[in-house]
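Undergrad: sequence first, predicted coordinates after that:
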Amino acid sequence: MNHDSIVFSIFLIFSGAALVATLALWARQALIVGYIVLGAVVGPGGLKWVNDAELIQDIAHIGIIFLLFLLGLNLYPQKLIQLLRKTTLVTLVTSAIFAGLGFGVAYLFGYALIDAVVIGVAAMFSSTIVGLKLLPTTVLHHRHTGEVIVSVLLLQDMVAILSLLAIQNMGRGELPTLEMIAVILSLPLLVLIVAVVARFALIPLFHRFDKIQEYIFLLAIGWCLGIAQLANTLGLSYEIGAFIAGVAIATNPISRFIAESLRPIRDFFLVMFFFALGAGLNMQVIGDVMVPAALLALLVLLVKPIAFKFMLIRVLETEKLGWETGWRLGQMSEFSLLIAFMALQGGLIASEAANLIQVATLITFIGSSYLIVLRYPTPIAVSDPLRRD
């Protein structure tokens, strides 16, 4: 049997995911947790039936791109600008709190100064995947809570991009200042390009051929991935590009059809993403970092909801919205994993620090998923009254 075959890997992922999902639903457990456990069991750290976790994760990244594109389709530009103004202070203050939390835990356990700094940076961000995957698509996307969550995550993405750039350049012994300025300036340039192309080319094509559904489907995918690649070329992230591509056509009536058409593709790739997270876990190092990783994960799960609630109340949001936003963003991020990888590759941190970040991130993914599905409406809630599509 060729375990290195991508066809075999996809067969194993989705056959296994179907079985795990069935068991999880019967047991009223979170599906995301099942996908991660499946990856850990059959991946390189377990039975080794899937050996190339990095390839799976690269493919799965498309799911994150589609996720942000679909979110953009549900958020009008004027509303987005208003939200970003309000949540900028929230994002900056909470990011500083979480960075201090991660730094403090690492320093407490005797990690080197640069290791502690990188661990602190990794703790700053919340997961776009967990936070948005568990939003009910028929409810929260059209409610203020969902909009606030999206705006905070977008601002965190910008901070994460600048952090990654700084880490990459520090690994090369260079100053990141000029490149950071270029990245910041590239965002309005991208918005301008997207707005012009959408108005004078994309939307006229939608109107001209709106009865040919196959063409609309292909054009939407091409637009999403094309702008995502353009954003990456300009030094931004694929996710930011995809989101801006979605916002650019949010006011067009055809956006509803596009959203419904692309949702199954998004879910296909997101299953692969969570599988790849589990498959990338090195079981042999868990024991070495479990205590500091578990402490960091526990503090993240407890402190992030409180910090978000406090700051959102300060900007005149309700206490209920503050708590819900905090719980939905109460985990570490896929950016945390990328920061650990780049810092390790650049020789900035020791492998033990990178392993701590990886284990803590996965613990918060699992713990946060359970907390969300137990408390709030989600598509995979463990109780029928909370289950929302």
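TA: Done, it's in. Residues are numbered from 1 along each chain as shown.
Undergrad: quick check: which ranges of the protein have low pLDDT?
TA: For the chain, the stretches flagged by pLDDT under 70 are 1-4, 28, 137-142, 168-169, 171-180, 379-389.
Undergrad: for it, longest helix please?
TA: Among the segments of the chain that qualify as a helix by DSSP state H, the longest is helix 77-108.
Undergrad: packing partners of that helix?
TA: Using 3 or more C-beta pairs under 8 Å, 6 or more residues apart in numbering; DSSP states H and E as the contact criterion, the elements in contact with helix 77-108 are helix 113-122, helix 144-171, helix 238-248, helix 286-314. All C-beta atoms are positioned from the backbone trio N, CA, C, and that covers glycine.
Undergrad: ok and it relative to helix 144-171, angle-wise?
TA: 50 degrees (axes from the mean of the first three to the mean of the last three C-alpha atoms, to 10 degrees).
Undergrad: all further residue positions should be reported with the first residue as 618.
TA: Sounds good: first residue 618 from here, last item helix 694-725.
Undergrad: angle of helix 694-725 against helix 730-739?
TA: Computed by the same axes, to 10 degrees, the angle between helix 694-725 and helix 730-739 is 150 degrees.
Undergrad: for helix 694-725, the distance to its chain's centre please.
TA: With C-alpha atoms, centre = their mean, to the nearest Å as the basis, the distance from the averaged C-alpha position of helix 694-725 to the chain average is 15 Å.
Undergrad: got the buried residues for that helix?
TA: By neighbour count, with 16 or more other C-beta atoms under 10 Å as the criterion, the buried positions of helix 694-725 are 697, 700, 704, 707-708, 711-712, 714-716, 718-724.
Undergrad: between helix 903-931 and that helix, find me the angle.
TA: Following the same axes, to 10 degrees, one obtains 140 degrees for the angle between helix 694-725 and helix 903-931.
Undergrad: quick one: which helix or strand includes the nearest residue in space to L954 that is not next to it in sequence?
TA: For L954, ignoring the flanking residues on the chain, the nearest one in space by C-beta to C-beta, 6 or more residues apart in numbering is T978 at 5.7 Å. T978 is part of helix 968-992, with elements assigned from DSSP states H and E.
Undergrad: show me what that helix is packed up against.
TA: Judged by 3+ C-beta pairs under 8 Å, 6+ apart, the packing partners of helix 968-992 are helix 648-659, helix 730-739, helix 745-750, helix 872-896, helix 903-931, helix 936-945, helix 951-962.
Undergrad: give me that answer again for 10 Å
TA: Taking 3 or more C-beta pairs under 10 Å, 6 or more residues apart in numbering; DSSP states H and E as contact, the helices and strands that helix 968-992 lies on are helix 648-659, helix 694-725, helix 730-739, helix 745-750, helix 872-896, helix 903-931, helix 936-945, helix 951-962.
Undergrad: how far does it sit from the chain's center?
TA: The chain centre lies 13 Å from the centre of helix 968-992; the measure is C-alpha atoms, centre = their mean.
Undergrad: give me the buried positions along that helix.
TA: Of the residues in helix 968-992, 970-990 count as buried by neighbour count, 16+ other C-beta under 10 Å.
Undergrad: buried sites along stretch 623-639?
TA: Across stretch 623-639, burial judged by 16+ other C-beta under 10 Å covers 626, 629-630, 633-634, 637-638.
Undergrad: correction: the previous question concerned stretch 872-884.
TA: Buried residues in stretch 872-884, defined by neighbour count with 16+ other C-beta under 10 Å: 872, 874-876, 879, 883.
Undergrad: dump these to JSON lines, plus distance to V667.
TA: What follows is these, written out as JSON lines (distance: C-beta to C-beta, whole Å):
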{"residue": "S872", "distance to V667": "36"}
{"residue": "F874", "distance to V667": "35"}
{"residue": "I875", "distance to V667": "32"}
{"residue": "A876", "distance to V667": "31"}
{"residue": "L879", "distance to V667": "26"}
{"residue": "R883", "distance to V667": "22"}
